[in-house]
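Asks: This is a predicted model, with the sequence first.
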Amino acid sequence: MALYREGHIAPIDDDGPVALPLAEWLQAPTQAVALANTDQFNALRTHLGRLKLIALNFPKYTDGRAYSQARLLRGRLGYRGELRATGQVLLDQLPFMLRCGFDSFESEQAGFGAALARARTLFSVVYQGAEDDRLPASLLRLKRRNASEKLAAE
Amino acid sequence: MPDTYFYRYDDFDRTLLSERVDQFRDQVRRRLSGELTEEQFKPLRLTNGLYLQLHAYMLRIAIPYGTLSTKQLRKLAEIARKYDRGYGHFTTRQNLQLNWIKLEDAPDAVAALAEVDMHAIQTSGNVIRNTTADHFAGAAADEIEDPRIWCEMIRQWSTLHPEFSFLPRKFKIAITGSPNDRAAVRVHDVGLRLWRNPEGQVGFEVIVGGGLGRTPIIGKTLREFLPKEDLLAYLEAVLRVYNRYGRRDNIYKARIKILVHELGVDKMREEVEAEFASTRDSALKLDPQTIEAITSQFAPPPLPHRPAMVGAVEALKIEDRDFALWLKSNTAPHRMAGYRIVTASLKPAGAPPGDASAAQMDGVADIADAYSWGEVRVSHEQNLVLPHVAIEDLPAVYAVLSKLGFAEANVGKITDIIACPGLDYCALANARSIPVAQSLSNHFSNLARQHDIGDLKVKISGCINACGHHHVGHIGILGVDKNGVELYQISLGGDVDFGKTSLGEIIGPAVGADEIVEAVDALVATYLERRREGERFVETYRRIGAEPFKERVYGAV
């Protein structure tokens, strides 16, 4: 399986720690864990600072549970290590995955690296906040209006 | 003066739409070149409103909260002419379907939509769909607040939501701002009812897990009162719980209603509230300026004072019986004296319910420009609505609607039938719906008789997916297939009006296509004999039960 990361069109070498399934990992916690999309991950809470890699799985690309897992790991638990999408990962999911906080991807699809390079700029406007620090249109409108009111006041 | 009295796109909205068109064009190109398999392409085309039907692709165009400018309606007519066979079909979810689209034309069709700030985004697929609203919003005399303001907030929040684009199943939201629910909020995945609490604040009752389809369930109240500024934070919590825990092992058990049913509403509430505790004070909380900015765009048109009593209208009522009937059934009270809300019936005798030709769409646009502030609504009952018509103008509006064939005085009557496309178009259907609707519509075409029968909702679905909402028809008709023969099951007592949501009950064995008119005739005859003064069909049914109706039908068939 080829591994991709932003900034690289070609697949990169996977030289990091091997992600263990949660049950196995709980026996002997390492720096990398692989979660099923039904796993509860509160047990990870105390280890988050030491984890370097969490792999989330898409058993089918239409199964979207890992998007919620990703957002909770990033937004709720504050995980800052690598968040990898595994399983059926297709390039048309990339804009969504990037916004949910994924930053590495396993995929066999042709053209995946090139699509990754474009995925963040495919949409220059977003309507909702997520894990990528982009401001939704509603907030940008507000800022613009306040700025123009300020200008008018001056 | 603004050119519309509802949400106006700005550069942010237009940029997103145009980037979406580019993305879709690229996806179609990759499908046509074979780069994408049909399996890979399917969810992508579905979230752009493109279905594969029996004969061709169908494009389902979103009409957010059922509100259209005349410019948009004319563009829909143009697209129907250019990319389809010159007509379209308005649906029970306030969308428009074009049934004969070619895949290679689809990107151009959505690009044409974008020219008038319209799209087909998330009109199908396992995503948050177009949010529907009361078709009388902003005009109804009984309204507390315009629900479209909140539909628009949901439109923006839900569009290309990165977390909720691969849900277990589709997700439909409806909002009503009136005590008389015209949006069927109890049969949606989430229904929102605006109401004023005893402290005088307006907020939402949140109803969850309603739906029709093969497992009809009436939604349950998840929260009695949700402050308005928490709407998106709360919805995000509901959707997150659903995305994580909704069933994905069986497509027929994947809607949120099954999750609510299996967890129980109390456990569901607990899960949602726990999630909401984390989302409520996030950036999802709506700030007053954002609410105000969107609210101001829905400011009603500055309707001038017009007389409430008009001699010419009174005279015509006496002179022309059909006009008098039309006034009664096809116009509704407006919040301003001197005005009425006019419903253009897309159910003339013998026609497929909800269809409009391009010429008819243009015609309605002309009428709306002349008499209704350039605004048209689509109702979930598959009719078009002119929201702000002066009483003085009613004779003129009646005359032009008559020319278009849209002035049948049958709104809410037995021939105002809701029907799904059925086996004539749909790959899922077991039986035809449209021909059944047409034969009933022909049989009961006499207007005086229809008005004597009174309010009676007939709803027809061609399969158990229930797109024709047969479960909530006073008379529900469901097409089934038995060894290759199309048969129709009849149910009685369904209702979604006036907050009295109930599901119909099947009265007995299915009848043949050639027996259905006779069966409905028998139901009507039973009602006419047994009704009490002022009692509607469904009320008589509730009082006397199914037995007398059954006897008459199965004696007759």
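Replies: Okay, I see it.
Asks: Number of residues surrounding residue 154?
Replies: With no chain named, the answer covers chain A. Residues contacting A:Glu154 under the criterion other CB atoms under 10 Å in any protein chain shown number 5. For every residue, glycine as well, the C-beta is placed using N, CA and C.
Asks: hmm, I had chain B in mind actually
Replies: Number of residues near B:Ile154 (other CB under 10 Å) recorded here: 21.
Asks: Then it would be within a helix, right?
Replies: Yes: with DSSP: H, G, I helix; E, B strand; the rest coil as the criterion, B:Ile154 is located in a helix.
Asks: Determine the set of other helices and strands touching the helix or strand in which B:Ile490 is found.
Replies: Per DSSP states H and E, B:Ile490 falls inside strand B:485-492. Applying 3 or more CB pairs under 8 Å, 6 or more residues apart in numbering or on different chains; DSSP states H and E, one finds that strand B:485-492 makes contact with strand B:475-482, strand B:505-506, strand B:511-512, helix B:516-530.
Asks: Strand partners (parallel or antiparallel) of that strand?
Replies: Paired neighbours of strand B:485-492 in the sheet (DSSP bridges): strand B:475-482 (antiparallel), strand B:505-506 (antiparallel), strand B:511-512 (antiparallel).
Asks: Report the backbone C-alpha coordinates of that strand in PDB.
Replies: Once non-C-alpha atoms are left out, strand B:485-492 reads as follows in PDB (Å, rounded to 0.1, in the frame of the first residue of the first chain):
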ATOM      1  CA  VAL B 485     -49.100  -8.100 -11.300                       C
ATOM      2  CA  GLU B 486     -49.300  -4.600 -10.000                       C
ATOM      3  CA  LEU B 487     -51.700  -4.400  -7.000                       C
ATOM      4  CA  TYR B 488     -52.500  -1.600  -4.700                       C
ATOM      5  CA  GLN B 489     -52.800  -1.700  -0.900                       C
ATOM      6  CA  ILE B 490     -55.200   0.800   0.600                       C
ATOM      7  CA  SER B 491     -54.600   2.400   4.000                       C
ATOM      8  CA  LEU B 492     -56.800   4.900   5.900                       C
END
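Asks: angle of that strand against helix B:516-530?
Replies: Angle, strand B:485-492 to helix B:516-530, by axes from the mean of the first three to the mean of the last three CA atoms, to 10 degrees: 20 degrees.
Asks: any idea how far strand B:485-492 is from the chain center?
Replies: Mean C-alpha position of strand B:485-492 versus that of the full chain (CA atoms, centre = their mean, to the nearest Å) differs by 23 Å.
Asks: sorry, back to before: pick the most deeply packed of the helices and strands packed on strand B:485-492.
Replies: Neighbour counts (mean count of other CB atoms under 10 Å in any protein chain shown) averaged over each of the helices and strands packed on strand B:485-492 peak at strand B:475-482, with a mean of 23.
Asks: who in chain A is up against chain B?
Replies: A:61-65, A:67-69, A:71, A:76, A:90, A:92-93, A:95-97, A:99-100, A:110-111, A:122-130, A:136-142, A:145 (CB under 8 Å from any CB of the partner chain).
Asks: export the strands paired with strand B:485-492 to a markdown table and tack on mean pLDDT?
Replies: Listed next are the strands paired with strand B:485-492 as a markdown table, based on pLDDT from 0 to 100:
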| stretch | mean pLDDT |
| --- | --- |
| strand B:475-482 | 96 |
| strand B:505-506 | 96 |
| strand B:511-512 | 96 |
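Asks: Among those strands, which comes closest to B:Val436?
Replies: strand B:475-482 (6.5 Å; CB to CB).
Asks: Tell me how far B:Gly44 lies from chain A.
Replies: You called it Gly, but residue B:44 is Leu. Note on B:Leu44: its distance to chain A, by CB to the nearest CB, to the nearest Å, is 6 Å.
Asks: Please disregard the earlier target; I meant B:Ala120.
Replies: Relative to chain A, B:Ala120 is positioned 17 Å away (CB to the nearest CB).
Asks: sec struct for that residue, please.
Replies: Recorded secondary structure, B:Ala120: coil (three-state DSSP).
Asks: Contacts only, for B:Glu205.
Replies: Residues near B:Glu205 by CB atoms under 8 Å, 6 or more residues apart in numbering or on different chains: B:Leu192, B:Arg193, B:Trp195, B:Thr221, B:Arg223, B:Glu224, B:Phe225, B:Leu226.
Asks: cool, and B:Thr215?
Replies: B:Thr215 makes contact with B:Tyr252, B:Lys253, B:Arg255, B:Lys257, B:Ile258, according to CB under 8 Å, 6+ apart.
Asks: Next: B:Ile101.
Replies: B:Leu50, B:Ala56, B:Tyr57, B:Met58, B:Leu59, B:Tyr83, B:Asp84, B:Ala109.
Asks: Who wins on neighbours among the residues you listed?
Replies: The most crowded member of the contacts of B:Ile101, judged by other CB under 10 Å, is B:Leu59 (29 neighbours).
Asks: surely B:Thr223 meets B:Arg269?
Replies: Slight slip there: residue B:223 is Arg, not Thr. Yes: counting by CB atoms under 8 Å, B:Arg223 touches B:Arg269, with 7.4 Å between them.
Asks: which residues of the stretch 251-400 of chain B fall in strands?
Replies: Applying DSSP state E, counting those that start in this stretch to the stretch 251-400 of chain B gives strands spanning B:331-333, B:339-344, B:355-357, B:375-378, B:384-390.
Asks: ok and the residue in chain A nearest chain B?
Replies: The minimum distance from chain A to chain B, using CB to the nearest CB, falls at A:Gly64 (2.8 Å).
Asks: Relative to B:Ser379, how far out is that residue?
Replies: Distance, A:Gly64 to B:Ser379, by CB to CB, to the nearest Å: 33 Å.
Asks: which one of those two has more residues nearby?
Replies: For A:Gly64 versus B:Ser379, neighbours defined as other CB under 10 Å are more numerous around A:Gly64 (26 against 23).
Asks: got the contact list for that one?
Replies: Neighbour list for A:Gly64: B:Asn126, B:Glu163, B:Phe164, B:Ser165, B:Phe166, B:Leu167, B:Asn243 [criterion: CB under 8 Å, 6+ apart].
Asks: How is chain A divided into domains?
Replies: Following automatic domain parsing, chain A resolves into domains at A:3-122, A:124-154.
Asks: what's the answer for chain B, then?
Replies: Domain ranges of chain B: B:11-115, B:147-295, B:311-404, B:418-556, per automatic domain parsing.
Asks: and the residue of chain B found nearest chain A, how many neighbours does it have?
Replies: Residue of chain B nearest chain A, by CB to the nearest CB: B:Phe166 (2.8 Å). Number of residues near B:Phe166 (other CB under 10 Å) recorded here: 23.
Asks: Which of the contacts of B:Glu205 has the largest number of neighbours?
Replies: The contacts of B:Glu205, ranked by neighbours (other CB under 10 Å): first place B:Leu192, 27 neighbours.
Asks: The contacts of B:Glu205 into TSV, with extra columns for pLDDT, secondary structure and distance to B:Ala396?
Replies: Below are those laid out as TSV (pLDDT from 0 to 100; DSSP: H, G, I helix; E, B strand; the rest coil; distance: CB to CB, whole Å):
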residue	pLDDT	secondary structure	distance to B:Ala396
B:Leu192	98	strand	37
B:Arg193	97	strand	36
B:Trp195	97	strand	37
B:Thr221	97	strand	45
B:Arg223	98	strand	47
B:Glu224	97	strand	46
B:Phe225	98	strand	45
B:Leu226	98	strand	44
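Asks: Between these, which sits nearest A:Leu20?
Replies: Nearest to A:Leu20 out of the contacts of B:Glu205 is B:Arg223 (CB to CB; 40.8 Å).
Asks: Quick check: closest non-adjacent residue to the closest one.
Replies: B:Val206 (4.3 Å; CB to CB, 6 or more residues apart in numbering or on different chains).
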